[in-house]
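Trainee: Output the structure for:
(one chain, ligands or ions: 1)
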Amino acid sequence: MVPPTPEQVAAWLRAAQRTVVLTGAGISTESGIPDFRGPDGVWTKNPAAEKTATLQYYVRDPDVRRQSWRNRVDSKYWTAEPNEGHRALVDLERTASLDTLVTQNIDGLHHAAGTTPDKIIEIHGNVRDVKCLSCAWRAPMAVALDRVRAGEDDPDCPECGGILKSATISFGENLVASDLAHAQEAAARADVFLAVGTSLSVYPAARLPEYALANRARLIVVNAEPTPFDEAADAVLRDRIGQVLPSIVAAL
Ligand code: NAD
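Mentor: All right, here's what the predicted structure looks like:
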(Lines give C-alpha, C1' and ligand atoms only; values in the text may rest on other atoms or scores of the structure.)
Protein backbone atom coordinates (compact mmCIF):
# COMPACT_ATOMS: atom_id res chain seq x y z
CA MET A 1 0.00 0.00 0.00
CA VAL A 2 1.30 3.48 -0.89
CA PRO A 3 1.30 5.42 2.40
CA PRO A 4 -1.43 8.11 2.23
CA THR A 5 -0.10 11.64 2.07
CA PRO A 6 -1.19 14.60 4.25
CA GLU A 7 -3.08 15.81 1.13
CA GLN A 8 -5.08 12.55 0.99
CA VAL A 9 -5.86 12.75 4.71
CA ALA A 10 -6.88 16.41 4.26
CA ALA A 11 -9.29 15.36 1.48
CA TRP A 12 -10.95 12.87 3.85
CA LEU A 13 -11.21 15.53 6.55
CA ARG A 14 -12.67 18.04 4.08
CA ALA A 15 -15.35 15.58 3.06
CA ALA A 16 -16.16 14.52 6.63
CA GLN A 17 -19.38 15.49 8.37
CA ARG A 18 -18.19 14.54 11.85
CA THR A 19 -14.51 14.28 12.71
CA VAL A 20 -13.62 12.93 16.13
CA VAL A 21 -10.06 13.31 17.43
CA LEU A 22 -8.49 11.29 20.25
CA THR A 23 -5.23 12.67 21.60
CA GLY A 24 -2.72 11.16 23.99
CA ALA A 25 0.45 12.15 25.78
CA GLY A 26 2.41 12.20 22.48
CA ILE A 27 0.83 15.47 21.36
CA SER A 28 2.30 17.23 24.40
CA THR A 29 5.88 15.92 24.29
CA GLU A 30 6.82 18.81 21.98
CA SER A 31 5.58 21.13 24.75
CA GLY A 32 8.15 19.54 27.09
CA ILE A 33 5.78 17.18 28.94
CA PRO A 34 7.10 13.61 28.67
CA ASP A 35 4.71 10.77 27.71
CA PHE A 36 4.60 7.48 29.64
CA ARG A 37 5.57 4.84 27.08
CA GLY A 38 7.54 6.62 24.32
CA PRO A 39 11.39 6.31 24.14
CA ASP A 40 11.78 9.23 26.61
CA GLY A 41 8.63 8.29 28.55
CA VAL A 42 8.39 8.64 32.33
CA TRP A 43 7.75 4.90 32.76
CA THR A 44 10.24 3.85 30.07
CA LYS A 45 12.94 5.59 32.11
CA ASN A 46 11.58 4.77 35.58
CA PRO A 47 9.03 1.91 35.72
CA ALA A 48 8.49 2.54 39.48
CA ALA A 49 6.89 5.91 38.61
CA GLU A 50 3.77 4.01 37.53
CA LYS A 51 2.89 3.74 41.24
CA THR A 52 2.16 7.46 41.62
CA ALA A 53 -0.48 7.16 38.86
CA THR A 54 -2.12 4.05 40.35
CA LEU A 55 -4.94 4.58 42.85
CA GLN A 56 -4.31 1.55 45.07
CA TYR A 57 -0.67 2.55 45.72
CA TYR A 58 -1.60 6.22 46.17
CA VAL A 59 -4.25 5.38 48.80
CA ARG A 60 -2.23 2.71 50.58
CA ASP A 61 1.23 4.29 50.70
CA PRO A 62 1.95 7.77 52.16
CA ASP A 63 5.41 7.71 50.52
CA VAL A 64 3.78 7.42 47.10
CA ARG A 65 1.58 10.43 47.95
CA ARG A 66 4.53 12.49 49.17
CA GLN A 67 6.44 11.69 45.98
CA SER A 68 3.36 12.56 43.93
CA TRP A 69 2.98 15.97 45.65
CA ARG A 70 6.70 16.72 45.16
CA ASN A 71 6.27 15.88 41.46
CA ARG A 72 3.18 18.11 41.24
CA VAL A 73 4.90 21.15 42.76
CA ASP A 74 7.80 20.92 40.30
CA SER A 75 5.66 19.79 37.38
CA LYS A 76 6.12 20.99 33.82
CA TYR A 77 2.32 21.17 33.63
CA TRP A 78 2.36 24.66 35.17
CA THR A 79 4.70 26.21 32.59
CA ALA A 80 4.05 24.21 29.39
CA GLU A 81 2.63 26.01 26.37
CA PRO A 82 0.57 24.54 23.52
CA ASN A 83 2.63 23.54 20.46
CA GLU A 84 2.07 23.32 16.68
CA GLY A 85 0.10 20.09 17.10
CA HIS A 86 -2.42 21.61 19.54
CA ARG A 87 -2.71 24.71 17.34
CA ALA A 88 -3.30 22.61 14.20
CA LEU A 89 -6.32 21.05 15.92
CA VAL A 90 -7.68 24.56 16.59
CA ASP A 91 -7.29 25.24 12.86
CA LEU A 92 -8.98 21.93 12.09
CA GLU A 93 -12.00 23.12 14.08
CA ARG A 94 -12.06 26.39 12.08
CA THR A 95 -11.70 24.84 8.64
CA ALA A 96 -13.31 21.38 8.92
CA SER A 97 -15.93 19.49 10.84
CA LEU A 98 -14.45 18.84 14.28
CA ASP A 99 -17.27 17.24 16.28
CA THR A 100 -15.45 16.20 19.45
CA LEU A 101 -11.88 16.19 20.76
CA VAL A 102 -11.41 13.44 23.33
CA THR A 103 -8.12 13.83 25.16
CA GLN A 104 -6.44 11.40 27.52
CA ASN A 105 -4.20 14.27 28.56
CA ILE A 106 -4.54 16.00 31.88
CA ASP A 107 -2.44 19.04 30.95
CA GLY A 108 -5.19 21.37 29.68
CA LEU A 109 -3.16 22.33 26.58
CA HIS A 110 -6.10 21.91 24.15
CA HIS A 111 -8.00 24.49 26.22
CA ALA A 112 -4.93 26.74 26.32
CA ALA A 113 -4.51 26.46 22.53
CA GLY A 114 -8.09 27.62 21.98
CA THR A 115 -10.16 24.56 21.02
CA THR A 116 -13.81 25.28 21.97
CA PRO A 117 -14.19 23.92 25.53
CA ASP A 118 -17.59 22.35 24.75
CA LYS A 119 -15.93 20.15 22.14
CA ILE A 120 -13.28 18.80 24.54
CA ILE A 121 -13.77 15.71 26.71
CA GLU A 122 -10.93 15.29 29.21
CA ILE A 123 -11.54 11.59 29.65
CA HIS A 124 -8.81 11.21 32.30
CA GLY A 125 -9.64 14.43 34.16
CA ASN A 126 -7.19 17.29 34.61
CA VAL A 127 -4.54 18.71 36.93
CA ARG A 128 -6.27 22.09 37.33
CA ASP A 129 -8.25 20.88 40.36
CA VAL A 130 -7.64 18.88 43.53
CA LYS A 131 -10.30 16.55 44.94
CA CYS A 132 -10.94 14.62 48.14
CA LEU A 133 -11.17 10.84 47.72
CA SER A 134 -13.66 10.57 50.63
CA CYS A 135 -16.08 13.50 50.29
CA ALA A 136 -17.22 15.95 47.60
CA TRP A 137 -14.63 18.66 48.47
CA ARG A 138 -12.89 20.03 45.40
CA ALA A 139 -10.76 23.16 44.84
CA PRO A 140 -8.26 24.68 42.41
CA MET A 141 -4.93 22.82 42.51
CA ALA A 142 -3.15 25.99 43.73
CA VAL A 143 -4.90 25.57 47.11
CA ALA A 144 -3.14 22.23 47.71
CA LEU A 145 0.18 23.25 46.14
CA ASP A 146 0.37 26.32 48.41
CA ARG A 147 0.05 23.99 51.41
CA VAL A 148 2.79 21.70 50.05
CA ARG A 149 5.08 24.70 49.49
CA ALA A 150 4.33 25.83 53.06
CA GLY A 151 5.65 22.51 54.39
CA GLU A 152 2.83 19.92 54.34
CA ASP A 153 4.10 16.88 52.48
CA ASP A 154 0.72 15.12 52.20
CA PRO A 155 -2.09 17.71 52.62
CA ASP A 156 -5.41 16.31 53.80
CA CYS A 157 -9.01 17.37 53.12
CA PRO A 158 -10.02 20.54 55.04
CA GLU A 159 -13.60 19.19 55.27
CA CYS A 160 -13.18 15.57 56.35
CA GLY A 161 -9.46 14.82 56.73
CA GLY A 162 -9.56 12.47 53.73
CA ILE A 163 -6.80 11.89 51.19
CA LEU A 164 -6.41 14.60 48.53
CA LYS A 165 -5.45 13.85 44.93
CA SER A 166 -5.37 15.79 41.67
CA ALA A 167 -8.68 15.62 39.78
CA THR A 168 -7.16 13.18 37.32
CA ILE A 169 -8.36 9.64 36.73
CA SER A 170 -5.65 7.36 38.09
CA PHE A 171 -5.18 3.78 36.97
CA GLY A 172 -7.67 1.72 38.99
CA GLU A 173 -10.11 4.66 39.26
CA ASN A 174 -13.44 4.79 37.42
CA LEU A 175 -13.85 7.24 34.58
CA VAL A 176 -16.66 9.82 34.85
CA ALA A 177 -19.50 7.77 33.35
CA SER A 178 -21.07 10.67 31.43
CA ASP A 179 -17.70 11.64 29.88
CA LEU A 180 -17.10 8.08 28.72
CA ALA A 181 -20.65 7.81 27.33
CA HIS A 182 -20.28 11.10 25.41
CA ALA A 183 -16.92 10.01 23.99
CA GLN A 184 -18.33 6.64 22.90
CA GLU A 185 -21.39 8.28 21.31
CA ALA A 186 -19.18 10.73 19.42
CA ALA A 187 -16.88 7.96 18.17
CA ALA A 188 -19.87 5.85 17.12
CA ARG A 189 -21.21 8.62 14.85
CA ALA A 190 -17.83 9.75 13.46
CA ASP A 191 -17.05 9.42 9.78
CA VAL A 192 -13.37 10.28 10.33
CA PHE A 193 -11.52 9.31 13.52
CA LEU A 194 -8.06 10.78 14.06
CA ALA A 195 -5.90 9.21 16.81
CA VAL A 196 -2.90 11.41 17.67
CA GLY A 197 0.03 10.71 19.98
CA THR A 198 -1.46 7.75 21.75
CA SER A 199 -0.17 4.20 22.09
CA LEU A 200 -3.86 3.15 22.15
CA SER A 201 -3.12 0.88 25.07
CA VAL A 202 -5.02 2.52 27.97
CA TYR A 203 -8.59 1.22 28.15
CA PRO A 204 -11.43 2.12 27.85
CA ALA A 205 -10.21 5.19 25.88
CA ALA A 206 -8.24 2.91 23.54
CA ARG A 207 -11.48 1.21 22.53
CA LEU A 208 -12.91 4.40 20.98
CA PRO A 209 -11.48 3.66 17.48
CA GLU A 210 -13.51 0.42 17.50
CA TYR A 211 -16.74 2.43 17.82
CA ALA A 212 -15.69 4.57 14.86
CA LEU A 213 -14.67 1.58 12.74
CA ALA A 214 -18.07 -0.01 13.45
CA ASN A 215 -19.57 3.13 11.84
CA ARG A 216 -17.26 2.57 8.80
CA ALA A 217 -15.32 5.71 9.69
CA ARG A 218 -11.91 6.30 8.19
CA LEU A 219 -9.27 5.78 10.85
CA ILE A 220 -6.11 7.90 10.77
CA VAL A 221 -3.31 7.18 13.23
CA VAL A 222 -0.61 9.81 13.81
CA ASN A 223 1.95 8.26 16.14
CA ALA A 224 5.71 7.67 16.05
CA GLU A 225 5.45 4.08 17.25
CA PRO A 226 3.18 1.20 16.17
CA THR A 227 -0.28 0.89 17.75
CA PRO A 228 -2.68 -2.08 17.90
CA PHE A 229 -4.95 -0.27 15.40
CA ASP A 230 -2.39 0.33 12.63
CA GLU A 231 -3.60 -2.60 10.52
CA ALA A 232 -7.21 -1.41 10.67
CA ALA A 233 -6.24 2.19 9.85
CA ASP A 234 -6.68 3.88 6.46
CA ALA A 235 -3.55 5.94 7.12
CA VAL A 236 -0.67 5.66 9.58
CA LEU A 237 1.60 8.71 9.77
CA ARG A 238 4.71 8.25 11.89
CA ASP A 239 6.42 11.62 11.59
CA ARG A 240 6.56 14.20 14.35
CA ILE A 241 3.06 15.35 15.34
CA GLY A 242 4.12 19.01 15.35
CA GLN A 243 5.04 18.59 11.71
CA VAL A 244 2.33 16.14 10.50
CA LEU A 245 -0.78 17.89 11.83
CA PRO A 246 0.11 21.36 10.47
CA SER A 247 0.88 19.82 7.05
CA ILE A 248 -2.53 18.10 7.01
CA VAL A 249 -4.35 21.26 8.09
CA ALA A 250 -2.42 23.36 5.55
CA ALA A 251 -3.77 21.07 2.81
CA LEU A 252 -7.41 21.44 3.90
P1 NAD B 1 1.56 6.82 25.83
O2 NAD B 1 2.72 7.36 26.63
O3 NAD B 1 1.13 5.43 26.09
O4 NAD B 1 1.91 6.92 24.27
C5 NAD B 1 2.35 8.12 23.69
C6 NAD B 1 2.71 7.82 22.23
O7 NAD B 1 3.03 9.04 21.59
C8 NAD B 1 3.92 6.90 22.09
O9 NAD B 1 3.56 5.78 21.29
C10 NAD B 1 4.98 7.78 21.40
O11 NAD B 1 5.73 7.07 20.43
C12 NAD B 1 4.14 8.83 20.73
N13 NAD B 1 4.80 10.13 20.59
C14 NAD B 1 5.38 10.84 21.57
N15 NAD B 1 5.79 12.04 21.11
C16 NAD B 1 5.51 12.05 19.78
C17 NAD B 1 5.68 13.01 18.73
N18 NAD B 1 6.24 14.21 18.97
N19 NAD B 1 5.27 12.69 17.48
C20 NAD B 1 4.70 11.47 17.22
N21 NAD B 1 4.47 10.54 18.18
C22 NAD B 1 4.87 10.84 19.44
O23 NAD B 1 0.40 7.86 25.98
P24 NAD B 1 -1.18 7.63 26.03
O25 NAD B 1 -1.61 6.67 24.98
O26 NAD B 1 -1.77 8.99 26.08
O27 NAD B 1 -1.45 6.91 27.43
C28 NAD B 1 -0.80 7.34 28.60
C29 NAD B 1 -1.68 7.86 29.72
O30 NAD B 1 -0.88 8.80 30.36
C31 NAD B 1 -2.93 8.61 29.32
O32 NAD B 1 -3.94 8.04 30.06
C33 NAD B 1 -2.71 10.06 29.78
O34 NAD B 1 -3.77 10.44 30.64
C35 NAD B 1 -1.49 10.03 30.66
N36 NAD B 1 -0.46 11.06 30.42
C37 NAD B 1 -0.81 12.34 30.12
C38 NAD B 1 0.16 13.29 29.90
C39 NAD B 1 -0.27 14.70 29.56
O40 NAD B 1 -1.32 15.16 30.03
N41 NAD B 1 0.50 15.43 28.74
C42 NAD B 1 1.52 12.97 29.99
C43 NAD B 1 1.86 11.65 30.32
C44 NAD B 1 0.86 10.69 30.53
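Trainee: Let me see the ranges of the strands in this structure.
Mentor: Per DSSP state E, the chain carries strands over the ranges 19-23, 98-103, 120-122, 125-132, 138-140, 164-168, 192-196, 218-222, 235-237.
Trainee: Of the ones you listed, give the one that comes closest to Lys51.
Mentor: For those, proximity to Lys51 was assessed by Cβ to Cβ; strand 164-168 is nearest, at 13.4 Å. Using the backbone N, CA and C atoms, a C-beta is placed for each residue, glycine as well.
Trainee: Other residues contacting the closest one?
Mentor: Strand 164-168 is contacted from outside by 58, 68, 72, 106, 124-133, 138, 141, 144, 155-157, using Cβ atoms under 8 Å, 6 or more residues apart in numbering.
Trainee: For this protein, give me the ranges with low pLDDT.
Mentor: Within the chain, the stretches with pLDDT under 70 are 1-3.
Trainee: Domain parsing of it, as residue ranges.
Mentor: According to automatic domain parsing, the chain comprises the domains 1-33+82-124+174-252, 36-79+126-168.
Trainee: chain center to the first one: distance?
Mentor: Using Cα atoms, centre = their mean, to the nearest Å, we find the averaged C-alpha position of domain 1-33+82-124+174-252 to lie 10 Å away from the chain's own average C-alpha position.
Trainee: near the ligand, anything from that domain?
Mentor: Yes. Residues of domain 1-33+82-124+174-252 are located near the ligand by Cβ under 6 Å from any ligand atom, namely 24-26, 28-30, 33, 104-107, 124, 197-199, 201-202, 223-225, 240-241.
Trainee: ok now do Pro62, which residues does it touch?
Mentor: With contact taken as Cβ under 8 Å, 6+ apart, Pro62 is in contact with Asp154.
Trainee: typed the wrong thing, it's Arg149
Mentor: Arg149 makes contact with Val73, according to Cβ under 8 Å, 6+ apart.
Trainee: if I look at it, how far off is Arg128?
Mentor: The gap separating Arg149 from Arg128 is 17 Å, by Cβ to Cβ, to the nearest Å.
Trainee: try Gln8
Mentor: For Gln8, the distance to Arg128 equals 38 Å [Cβ to Cβ].
Trainee: ditto for Pro140
Mentor: Distance, Pro140 to Arg128, by Cβ to Cβ: 7 Å.
Trainee: The two: who's more crowded?
Mentor: Arg128 (17 against 12; other Cβ atoms under 10 Å).
Trainee: List the contacts of the more buried one.
Mentor: Counting by Cβ under 8 Å, 6+ apart, Arg128 makes contact with Gly108, Pro140, Met141, Ala167.
Trainee: Tell me, how many residues neighbour Pro4?
Mentor: Pro4: 17 neighbours (other Cβ under 10 Å).
Trainee: Equivalent analysis for Ala80, please.
Mentor: Neighbours of Ala80 under the rule other Cβ under 10 Å: 17.
Trainee: same thing with Pro228?
Mentor: 12.
Trainee: before we move on, what about Val130?
Mentor: 23.
Trainee: need the contact list for it.
Mentor: So Val130 contacts Arg138, Ala139, Pro140, Met141, Val143, Ala144, Leu164, Lys165, Ser166, Ala167 (Cβ under 8 Å, 6+ apart).
Trainee: Over to Ala190?
Mentor: Applying Cβ under 8 Å, 6+ apart, we find Ala190 in contact with Arg18, Thr19, Val20, Asp99, Tyr211, Ala212, Asn215, Ala217.
Trainee: What's the separation between Gly41 and Glu50?
Mentor: Using Cβ to Cβ, Gly41 is found at 11 Å from Glu50.
Trainee: Who has more neighbours out of those two?
Mentor: Counted by other Cβ under 10 Å, Gly41 and Glu50 do not tie: Gly41 has more neighbours, with 17 against 13.
Trainee: can you give me phi and psi for that one?
Mentor: Main-chain torsions, Gly41, degrees, to the nearest 10: phi -70, psi 150.
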